[in-house]
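Peer 1: Sequence and predicted structure, then a few things I'm wondering about:
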Amino acid sequence: MKRKITIIGTGHVGLVTGACFAEMGHKVVCVDRDKEKIKNLKKGIIPIYEPHLKELVSKNIKKKRLNFTSSIKEGIKESKIIFICVGTPARIDGNADLSSIEAVTREIAQLSTSDKIIVEKSTVPVKTEEYVKKTLDLYKKNKKIKFFVVSNPEFLREGSSIKDFLEPDRIVIGVEDEKAKEIMLDIYSSIKAPKIVTDLKSAELIKHVSNTFLALKISFINLIAQICEKTGADIKEVALGMGLDKRIGKSFLEAGIGYGGSCLPKDIKAFIRILKDLGIEAALLESIEDINKKQREFFFQKIKDSLWNVSGKTIGILGLAFKPNTDDIREAPSITIINKLLKEGAKIKAYDPVAIDRAKKVFGKKIKFAKNLYEVARNADALVILTEWDEFKNMDLRKIKKLLKLPKIIDGRNIFDPKKMAQLGFNYSCLGRKQYNENI
């Protein structure tokens, strides 16, 4: 059965959720207070880069299955099912800022004139559902109205969110009411994936636990990469030997310069606070954070060691986004590394296929931005790879060698084979792999 669904919040999660539900045939209205943003969305202008999202939004606007409004009252009136997809950024103390969740919940309570299913889609700490229910009961004007709270966490990876939504590993639904359970299962009935129906607190916790474990794998393999460098082992071989064990799995075992983005850093901080508030030792989670920060310092030192001195030298940076196929630079390792290089007196030229506009807001005129990767390499003292875009994996290395002052590449994503790079005449430095050349 096709449903009427309201999405409150048109950030990455809200916009992808709304577009995908519309693609599934539901009639969706997305709400956001930003009137200019809504005006643009109605025209099919997307504020973020996410592969295939623009096409999906435009298609479903034309089919009249997707609409946008800045009126939360209109959105609440339109649907019985309301998904809350507002931001929950980290506060200074590490806790998730739930002020937007509270504000939206309060408005839903005050403006609703009939029973509603309220779905937590935003990432929230365990037990948030208790506060949502209390707020709904406290602020509802008509005491006869019933609200049914559901937890339906998202597992969307930036750069592959459409596929993650429509072809997920699993769908988690935390629910207490049988009718709400039926409706939620019906909404997702066209998606063939395991559907885990559980209690509200378990559903809320599944999201944080999942992200924390992924961050643990990233920090762990980066720690092992450091061991490989000290001992002469090869991290690619070690990761392969680990990953073929089905109990471990191959995913998230690629050594690099650490995780970034809007999810993992925020969620780890919030989960640490949750454990501390519950009186549970959080040392393991604090180590995940610590290793991630130190990996950036480790790679920065590798750049310095390769160049001897960076002051006055021109360093070409390939990649600004925290991962490929997104323009998101929030908590990106590139910001930390570039700022360290600037502090040491380096001159920076940078290129990213989609994240330059966002990077300009961070760096301004402190660095130069190039139109392509070859412009970055021209007359640079070294090329530093910070994001593993396919464009960089497929670059013309012979051309790059001619453009550089010295054939020096420092690779934070291990996208090339060290032996082949040495054969091409490069002084190539990467993470946790055998080196076939001496630093110049």
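Peer 2: Right, received. Where do you want to start?
Peer 1: contacts, neighbours, all on C-alpha from now
Peer 2: Will do.
Peer 1: The closest residue to Asp186 other than its chain neighbours: how many residues sit nearby?
Peer 2: Excluding the flanking residues, the one nearest Asp186 by Cα to Cα, 6 or more residues apart in numbering is Met1, at 6.7 Å. As a burial measure, Met1 scores 10 neighbours (other Cα atoms under 10 Å).
Peer 1: the residue most distant from the middle of this protein, which is it?
Peer 2: Lys144 (40.5 Å; Cα atoms, centre = their mean).
Peer 1: Now do the SS call for that residue.
Peer 2: Lys144 falls in the coil class when you classify it by DSSP: H, G, I helix; E, B strand; the rest coil.
Peer 1: what's the spacing between it and Leu253?
Peer 2: Look at Lys144 and Leu253: by Cα to Cα, to the nearest Å, they are 53 Å apart.
Peer 1: just to revisit the earlier point, so the residue nearest to Asp186 makes contact with Ile187?
Peer 2: Yes. Met1 lies in contact with Ile187 (Cα atoms under 8 Å); the separation is 7.4 Å.
Peer 1: hang on, isn't Ser311 packed against Ile348?
Peer 2: No. With contact defined as Cα under 8 Å, Ser311 does not count as touching Ile348 (10.9 Å).
Peer 1: Just want to know which of those two has more residues nearby.
Peer 2: Ile348 (21 against 15).
Peer 1: which element is that one on?
Peer 2: Secondary structure assignment for Ile348, by DSSP states H and E: strand 347-351.
Peer 1: Identify the residues contacting the helix or strand following that strand?
Peer 2: Downstream of strand 347-351, the next assigned helix or strand under DSSP H and E is helix 356-363. Contacts with helix 356-363, where a contact means Cα atoms under 8 Å, 6 or more residues apart in numbering, come from 320, 327-329, 369.
Peer 1: quick one: buried residues of helix 356-363?
Peer 2: Across helix 356-363, burial judged by 16 or more other Cα atoms under 10 Å covers 356, 358-359.
Peer 1: ditto for stretch 368-380
Peer 2: 369-370, 373-378, 380.
Peer 1: The strand holding Ile348 - what's its average pLDDT?
Peer 2: Strand 347-351 shows an average pLDDT of 98 in the prediction.
Peer 1: who does it pair up with?
Peer 2: If you go by DSSP bridges, strand 347-351 pairs up with strand 314-318 (parallel), strand 368-369 (parallel).
Peer 1: elements contacting the longest helix anywhere in the chain?
Peer 2: Longest helix in the chain by number of residues (criterion: DSSP state H): helix 200-231. Packing contacts for helix 200-231, counted by 3 or more Cα pairs under 8 Å, 6 or more residues apart in numbering; DSSP states H and E, involve strand 147-151, strand 171-174, helix 235-243, helix 264-277, helix 283-307.
Peer 1: by how many degrees do that helix and helix 264-277 diverge?
Peer 2: Helix 200-231 and helix 264-277 meet at an angle of 110 degrees, taking axes from the mean of the first three to the mean of the last three Cα atoms, to 10 degrees as the criterion.
Peer 1: Now do helix 200-231 and helix 235-243, the angle between them.
Peer 2: The directions of helix 200-231 and helix 235-243 differ by 140 degrees, with the same axes, to 10 degrees as the criterion.
Peer 1: what angle do helix 200-231 and strand 147-151 make?
Peer 2: Using the same axes, to 10 degrees: helix 200-231 against strand 147-151 is 20 degrees.
Peer 1: how about helix 200-231: buried residues?
Peer 2: 200-205, 207-208, 211-226, 228-229.
Peer 1: now do stretch 379-392
Peer 2: When neighbours are counted by 16+ other Cα under 10 Å, the buried residues of stretch 379-392 are found to be 380-389, 392.
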